[in-house]
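Enquirer: When you get a sec, could you give me coordinates for this:
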Amino acid sequence: MKKFNIRKVLDGLTASSSGTASPQPGTNQNDVIQETLQSEHFQLCKTVRHGFPYQPSSMAFDPVQKILAIGTQSGAVRLFGRAGVECYCQHDSGAAVIQLQFLVNEGALVSALADDSVHLWNLRQKQPAILHTLKFNRERITFCHLPFQSKWLYIGTEKGNIHIVNVESFTLSGYVIMWNKAIELSSKSHPGPVVHISDNPMDEGKVGTFQRTINQSMIHSFQIAWHHEGKQFTCSHSDGTLTTWNVRVPAKPTITITPHGKQPKDGKKPEPCKPILKVEYKTTRAGDAFVVMSGGLSYDTGCRRSCLTVMHGKSTAVLEMDYPIVDFLTLCETPYPNDFQEPYAVVVLLEKDLVVIDLEQIGYPIFENPYPLSIHESPVTCVEYFADCPPELIPALYSVGSRQKRQGYSKKEWPISGGNWGQGTLSYPEIIVTGHADGSIKFWDASAIMLQVLYKLKTAKVFEKAPKGSKEEKPSTEIVDEDPFAIQTLSWCPASRMLCVAGVSAHVIIYRFSKQEMTTEVLLEVRMQGELNDVDSPDPAGDHPPTPSTPVPPSSSSPTQEGEPPEAQVWSAPLKQSPGYQVELVIQLVWVSGEPPQQITSLAVSSSDGLVVFGNSSGLAVVDYLQKSLLLNMSTSELYSPSDPYQRQPRSPRKTRQPSGGEGSMRSHLNVQMSRLRHSSHVYHNLCCLLFLSPPFSSISSTFILSLTSPLSLFVLSPYHPDAKDSSFSRSRSSSVTSIERESREAISSFHFSESFPRKTDSSPSPSLWLGTTQGTVLVLSLSLPPTGDQRLQQPVGVSSCGTLVRLKGGILTMAFLDSLGAVLPPSYEPWSEPNAPDEEKTRRRRPASPPPTQEGQDSQYAVVCSEKQAKVVGLPSQSCFFKHNITESSFVLRADVVQMAAGLCLACFCANGHIMTLSLPSLRPLLDVNYLPLTDMRIARTFCFSNLGQAMYLTSPTEIQRITYSQETCDNLQEMMGELFTPLETPEAPNRGFFKGLFGGGAQSLDREDLFGETAAGKASRSLAQHIPGPQGMEGMKGAASGVVGDLARARIALDERGQKLGELEDRTAAMMASADSFSKHAHDMMLKYKDKKWYQL
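Expert: From the prediction side, this is the model:
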């Protein structure tokens, strides 16, 4: 633990790669702050990846361990067990995974990649690792096959050859099935690449291979499915036909059908259909076999989506899928191919979804998927991460979200149920909030490195306009420009459960959480314009708004500058709101003079103050959502005046301007459109709301009084701005523009509500609003709040500007406040209570008690401000800069947050050059600097966020969330928190051979592949054919990694099985010897009785 005095200059500070921290001269300071965080408290590592595997390419299933593996086109392998058991692996080459094969019940997986490499993965450890790699040099891999309980892997190539690999040593056998050996001597053409390999389930000596030959008929064979008795197999073809072949009659198929073809009456062949890409034939003891196939529909079929066909007896079911089918597998009760399979489910891997179909229930319902694979249901536009949330929040969200679940799922349990959960004790409530392009918001339980959806909020219900094509086409995972309800940013207070959402259509919606149902409706729409008359100037030092002059009622005869209607119209009919988040207030910016409003860039809500503030490149607006009134609407340039924001000197010699119908009138008029949402059972008449409207470039302040008739209102703000068409924050404009125009493009980038010292002369903290701009300026607004109770709902809230606090390089990203001991001061909040409870039960609880007043000449708070380039620590109320740190010179910071670690506070930063940094507080000493993730995609910049206790996350692909940690404590406990994929299980017993089958040779025929493929018989393979690359761990690493409890149990069980097997063999030999001795004794006794009474000469 390090002690230092913040008034002294600290020497020997560790310099980071991008800058150094330097103390700044400040006021007298006597407090000594102890910093507990050191570099050893930090370590960066990935924890878990959630979501659907992006661009899947292959799939495999272990029927004994019940583990599912999915490979992707980027070389990733995702492993799934029971709910909460997931694992992510990545091949270093990044080549597409073309095939996966499990070593059933062995805890190993074989992956074949598009770069002609084959890898063996060890799954007996929590984080799988590659044991061996075989890289082919002269031939391209097209197909792999590993028979059940075999150590010999068949690898088919593009040349039509089949190579044999010993999976134990991962070396090539000298035995090769050449393409010219697999065809008849009469064939003169090359058979083509190997597209399928499978062995006869009853005769291991017969291996079936299919090679795609391009001939005149253009009828290709895609895949075959053996019948369990080994006498027949079914083959799928590119013309939509299924053929059944008998191994004893290879000349022609015994049965040819076209499942979806129209049968002509004249006996001709049916019309060709779409290719059947895959078929599986599974038998049952009780009835007819199941035939499952993908494709094969008629070309005349109007359905454009992919379909899966299930044929069982005389019934044929066509199951329509939302996305194209990548692969499917039929799950069976037994892993033995020479027994009745008894299928019970079909796993269908789609391009953007995973579906499991129940084959044992009527109608083939699907199972409810327990994995968090619906993150990309609509493209993710923004993400927020909250760690160490209130413990009662997750149950509350789950209780309202459980009512949203769909019906009609299978009643059986999820069939992919392998693995075990982790045993880590490091757990605290974590919630991830995702905003989507369709206007929906999802709340996820992210505790204990798991992810489960809790509640889904649809903000589009407030608007009349529905997304185009939402009912006809499945939404894409990529963000498009035609999403009027897309979530731009959100602000959520977990303690008070207040939610504020900003959309791309320049609308803001405020939600309250309620467990009761309610109904609201839009009552009135008012368009209002007021003339700019002189008003009395308020007291420059006053904290209260000025007294308004004569009210200006709305008049239809007054000149009006009509704006374009907003892209999303608010719903005009009564709106029924279910329990959960319910609309409190809607704020919408409208078009002006054919120009769209600027998109909202920053947003904040304060439940203790009852205020919401939002800003864009035009300025900011402060709204009182309790009184449903607009408090402040100003341009950014007007905030720089240290005096009251409503007292500004005119920039024109004219004191008043008469409104006109042209464009110039918009400089002196603000078009305000109001529509109100009313609670069905509560109406407040003659509620007076005071609106202070000050459009940019106006020279005189305006004051309006509007009489509202309901407590819920919709405000539509339309400040005129000359650069309204430019929604970006480009700073590359011509230098000839005026300073006023440069200031007008300064956007609001961040907000922070705080109980602090907005002025140097303040002796006690008071409610204030701190705002940062894209030019690096921090401005302060002082808030004057009425007392609680009825006065809070009737008296107006005062807002006054306090000028500039500090200026930094680059745009302001985040702000936070520390007390005199260095502890963070969280924003004040109002604890949640049921908003729809009876009036006698409603009690508005104020914010927590304010800190004690500061002593003369002593700072009691410190403001931490971080921009794109640097960070500063400023003492309050003296406003002296104590510490400054240049974070980066060559790059810029994308995301920064003040986070609470287990041992103290730090400032976490993520830079565009991929560096993740942490700085101590308040001294800004560099503690961590790791080059982790270069910014290759704007998706990462948009979704990267930090959270408390050393957690962070980002969207690594359109469908996946990657969570990381920079906490040493979490890294140390990560292995315990992760689930186990492999569980020691006994392999089911092999099917009985039967007496007559064993007697007449009708059962399965075994083949000693060692004698055929072993080095003794086949010799060594050519070294130039493939290169063997041992994994980073090798076999010794596998043994060491499996040396834990699970590995010991597995080895003990295996040793016990081997001992039992040897004892059984010994018992069998002993029994055979005893039977032989009994037989010999019996024969000897019979011989003695036969010759007992005979003489020697009678023998």
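Enquirer: now do the same end-to-end measure for stretch 105-125.
Expert: Terminal residues of stretch 105-125 lie 14 Å apart, using C-alpha to C-alpha, to the nearest Å.
Enquirer: Same check on stretch 276-294?
Expert: Using C-alpha to C-alpha, one end of stretch 276-294 lies 6 Å from the other.
Enquirer: buried sites along it?
Expert: Judged by neighbour count (16 or more other C-beta atoms under 10 Å), stretch 276-294 contains these buried residues: 276-284, 289-294. In this view, the C-beta of every residue, glycine as well, is placed from N, C-alpha and C.
Enquirer: State the mean pLDDT of that stretch.
Expert: In this model, stretch 276-294 carries a mean pLDDT of 93.
Enquirer: quick check, residue 230 in a strand?
Expert: No - judged by DSSP: H, G, I helix; E, B strand; the rest coil, residue 230 forms no part of a strand; its state is coil.
Enquirer: That one is in contact with residue 199, isn't it?
Expert: No - under the criterion of C-beta atoms under 8 Å, residue 230 makes no contact with residue 199, lying 9.5 Å away.
Enquirer: Among the buried residues of stretch 276-294, which one sits closest to residue 1090?
Expert: Nearest to residue 1090, judged by C-beta to C-beta, of those is residue 283 at 55.9 Å.
Enquirer: Can you give me the pLDDT of residue 976?
Expert: With respect to pLDDT, residue 976 scores 88.
Enquirer: and it, that's in a helix?
Expert: Yes - going by three-state DSSP, the assignment for residue 976 places it inside a helix.
Enquirer: For it, which non-adjacent residue is closest in space?
Expert: Excluding the flanking residues, the one nearest residue 976 by C-beta to C-beta, 6 or more residues apart in numbering is residue 424, at 4.0 Å.
Enquirer: Tell me how many other residues crowd that neighbour.
Expert: A count of nearby residues for residue 424, using other C-beta atoms under 10 Å, gives 16.
Enquirer: swap in residue 983?
Expert: The number of residues packed near residue 983 is 18, by other C-beta under 10 Å.
Enquirer: same thing with residue 343?
Expert: As a burial measure, the neighbour count of residue 343 was computed by other C-beta under 10 Å and equals 22.
Enquirer: which residues touch the spatially closest residue to it that is not a sequence neighbour?
Expert: Among residues not flanking residue 343 along the chain, residue 282 sits closest, at 4.1 Å (C-beta to C-beta, 6+ apart). When contacts are counted by C-beta atoms under 8 Å, 6 or more residues apart in numbering, residue 282 is found next to 289, 290, 292, 330, 332, 341, 342, 343.
Enquirer: could you redo the residues you listed as CSV and give each row distance to residue 893?
Expert: Written out in CSV, the entries for those read as follows (distance: C-beta to C-beta, whole Å):
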residue, distance to residue 893
289, 62
290, 58
292, 53
330, 52
332, 54
341, 58
342, 59
343, 55
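Enquirer: from these, which two are the most distant?
Expert: Considering C-beta to C-beta, no two members of these lie farther apart than 292 and 342, which are separated by 13.9 Å.
Enquirer: So what sits opposite the residue nearest the centre of the chain in the bridge?
Expert: Geometric centre of the chain, nearest residue: residue 961, 3.5 Å, by C-alpha atoms, centre = their mean. According to DSSP bridges, residue 50, residue 955 are recorded as the beta-bridge partners of residue 961.
Enquirer: Residue 955 is in contact with that one, correct?
Expert: Yes - in this structure, residue 961 is within contact of residue 955 by C-beta under 8 Å, at 6.0 Å.
Enquirer: Now for those two: what residues contact both?
Expert: residue 383.
Enquirer: thinking again about what came up before, so which of the contacts of residue 282 belong to strands?
Expert: 290, 292, 330, 332, 343 (DSSP state E).
Enquirer: which residues touch the first one?
Expert: Residue 290 sits next to 280, 281, 282, 283, 284, 310, 311, 312, 330, 343, 359 when contact means C-beta under 8 Å, 6+ apart.
Enquirer: Give me the distance between the nearest residue to it once chain neighbours are set aside and residue 234.
Expert: The shortest distance from residue 290 to any residue that is not its chain neighbour, by C-beta to C-beta, 6+ apart, is 4.7 Å, and that residue is residue 282. In this structure, residue 282 and residue 234 are 11 Å apart, going by C-beta to C-beta, to the nearest Å.
Enquirer: cool, residue 952 as well?
Expert: Shown here: residue 952 relative to residue 234, a distance of 51 Å by C-beta to C-beta.
Enquirer: The two: which has the busier surroundings?
Expert: residue 952 (25 against 22).
Enquirer: Can you pull the phi/psi pair for that one?
Expert: phi -150, psi 170 (degrees, to the nearest 10).
Enquirer: isn't it right up against residue 962?
Expert: No - distance between residue 952 and residue 962: 9.3 Å, which falls outside the contact criterion (C-beta under 8 Å).
Enquirer: Can you give me the neighbour number for residue 334?
Expert: The burial count assigned to residue 334 is 18, neighbours taken as other C-beta under 10 Å.
Enquirer: Would you mind confirming that it makes contact with residue 343?
Expert: No - because the distance of 10.2 Å does not satisfy C-beta under 8 Å, residue 334 is recorded as not touching residue 343.
Enquirer: could the ones in strands among the contacts of residue 282 be laid out in a markdown table, adding distance to residue 606?
Expert: As requested, the ones in strands among the contacts of residue 282 are exported to a markdown table (distance: C-beta to C-beta, whole Å):
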| residue | distance to residue 606 |
| --- | --- |
| 290 | 61 |
| 292 | 57 |
| 330 | 56 |
| 332 | 59 |
| 343 | 58 |
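Enquirer: Which of those lies at the shortest distance from residue 589?
Expert: Within these, distances to residue 589 taken as C-beta to C-beta reach their minimum at residue 292, with 53.7 Å.
Enquirer: That closest one: what's it in contact with?
Expert: Counting by C-beta under 8 Å, 6+ apart, residue 292 makes contact with 279, 280, 282, 308, 309, 310, 311, 328, 330, 343, 346.
Enquirer: Could you verify that the fourth one is part of a helix?
Expert: It stands for residue 308. No - with three-state DSSP as the criterion, residue 308 is assigned strand and is not in a helix.
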